[in-house]
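Colleague: Return atomic coordinates for the entry below.
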Amino acid sequence: MLGNRAKRMLVLAAGLVLVVALAGCGGQPSGGQAEIAGNLTAVGSTAMQPLVEQAATQFMAKNPKAQIVVQGGGSGTGLTQVASGAADIGNSDIFAEEKSGIDASQLVDHKVCVVGMATVVNPGVTVDNLTKQQLVDIFTGKITNWKEVGGPDQKIVVIHRPKGSGTRATFKKFALGGVEDSAPGMEQDSSGTVRKMVAETPGAISYLALSYIDNSVKALKLDGVEPTVENIVNGKYPVWAYQHMYTKGEPTGLKKAFLDYMLGDEVQGQLVEKMGYIPITKMQVERDAQGNVT
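Modeller: Here you go, the predicted model:
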């Protein structure tokens, strides 16, 4: 027969074994890694929106307790919202240093890939090349008819992007040499809508990320150089931008997990090129926030 003290010791030992067993099978997934869960909002550039949306869909399939919402609105909106704390991630075609009113020192830049941008026209426009000066003259309203640049006798319809658009900022800086694009015209804030309007409007001209260009519109050469991945990679074609995902401070938790996924093999090795973007590792040139290429 066991004494009372011995019985109490056995009960305590049994209880300890039970606590250890429960801790081993309950709190964390196998491998000891914390479960990825929570809500995250990524806002900004419509040029990179398709890539982030697709990556988010794949990420959530692997992590069902994570909820990621991807929204457009333009690079300016993305930078403003991440800086104010209204969004977890700000997607941008431009460096934070290029956006007035943003304290770039508070933001951490995660470059995901590169996107090229091209002048696009309605397929009925027979022109297939414009010089930089012709492009400037069209987007400043000096040239108003396609016959002035070797095309049909047809009015040019300019479709602009809003001032907060990173695609507009990139196009203005590298295709127009910084000249203000002041020609009268319509304004659309979504890349998808711009493509639709150019496709459906006779004489229309605008610009799009290469990831949005399909056979419903026609991409033009610039100074005889085609807007191809090869010409962007080797520095021959100048209209391109890094695709940035900014966080306010160093990312942790779900933000870090998702950004690690964006920069990992599944996205970089497969999704980026499949969707018409360019991996940074392929670039033979680099560009800083001031536009200097090395």
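Colleague: Give me the spatial nearest neighbour of the most centrally placed residue in the chain, chain neighbours excluded.
Modeller: In the chain, the C-alpha nearest the mean C-alpha coordinate belongs to M48, at 2.6 Å (CA atoms, centre = their mean). Leaving aside its chain neighbours, M48 sits nearest to Q243 (4.4 Å; criterion: CB to CB, 6 or more residues apart in numbering). To be clear about C-beta, it is placed using only N, CA and C from the backbone, and glycine gets the same treatment.
Colleague: tell me the mean pLDDT over the helix or strand hosting the one you found?
Modeller: If you go by DSSP states H and E, Q243 is part of strand 240-248. Mean per-residue pLDDT for strand 240-248: 97.
Colleague: Partner strands of it, with direction?
Modeller: Partners of strand 240-248 in the sheet, by DSSP bridges, are strand 89-92 (antiparallel), strand 107-121 (antiparallel).
Colleague: okay, those strands in TSV with mean pLDDT next?
Modeller: Shown next, in TSV, are the strands paired with strand 240-248 (pLDDT from 0 to 100):
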stretch	mean pLDDT
strand 89-92	97
strand 107-121	96
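Colleague: Of these, give the one that comes closest to F258.
Modeller: Taking CB to CB, strand 89-92 is the member of the strands paired with strand 240-248 nearest to F258, at 7.7 Å.
Colleague: buried stuff in that closest one?
Modeller: 89-92 (16 or more other CB atoms under 10 Å).
Colleague: what do you get for stretch 57-66?
Modeller: 59-60, 63, 66.
Colleague: And the helix or strand where T170 lies, what does it pack against?
Modeller: When elements are assigned from DSSP H and E, T170 belongs to helix 166-174. Where contact means 3 or more CB pairs under 8 Å, 6 or more residues apart in numbering; DSSP states H and E, helix 166-174 is packed against helix 75-84, strand 107-121, strand 204-209, strand 240-248.
Colleague: quick one: contacts of that helix?
Modeller: Here helix 166-174 makes contact (CB atoms under 8 Å, 6 or more residues apart in numbering) with 44-47, 74-76, 92-94, 98, 117, 160-162, 178-181, 191, 207-209, 238-241, 291.
Colleague: now with 7 Å?
Modeller: 45, 47, 74-75, 92-94, 98, 117, 161, 178, 181, 191, 207, 209, 238-239, 241, 291 (CB atoms under 7 Å, 6 or more residues apart in numbering).
Colleague: rewinding a little: V70 is nearest to which of the strands paired with strand 240-248?
Modeller: The nearest among those, by CB to CB, is strand 89-92 at 8.0 Å.
Colleague: tell me, how many neighbours does the nearest residue to V115 once chain neighbours are set aside end up with?
Modeller: Leaving out its chain neighbours, the residue that sits closest to V115 by CB to CB, 6+ apart is A209, at 4.7 Å. Neighbourhood size, A209 [other CB atoms under 10 Å]: 29.
Colleague: my guess is A209 contacts S190, does it?
Modeller: No - A209 sits out of contact with S190 when judged by CB atoms under 7 Å, with a separation of 11.8 Å.
Colleague: Roughly how far does N145 sit from D137?
Modeller: In this view, N145 and D137 are 11 Å apart by CB to CB, to the nearest Å.
Colleague: out of the two, which sits in the more crowded spot?
Modeller: D137 (18 against 14).
Colleague: contacting residues for the more buried one?
Modeller: By CB under 7 Å, 6+ apart, the residues touching D137 are I143.
Colleague: In terms of helices and strands, where is the residue nearest to D88 when sequence neighbours are not counted?
Modeller: Leaving aside its chain neighbours, D88 sits nearest to L40 (4.8 Å; criterion: CB to CB, 6+ apart). Secondary structure assignment for L40, by DSSP H and E: strand 38-44.
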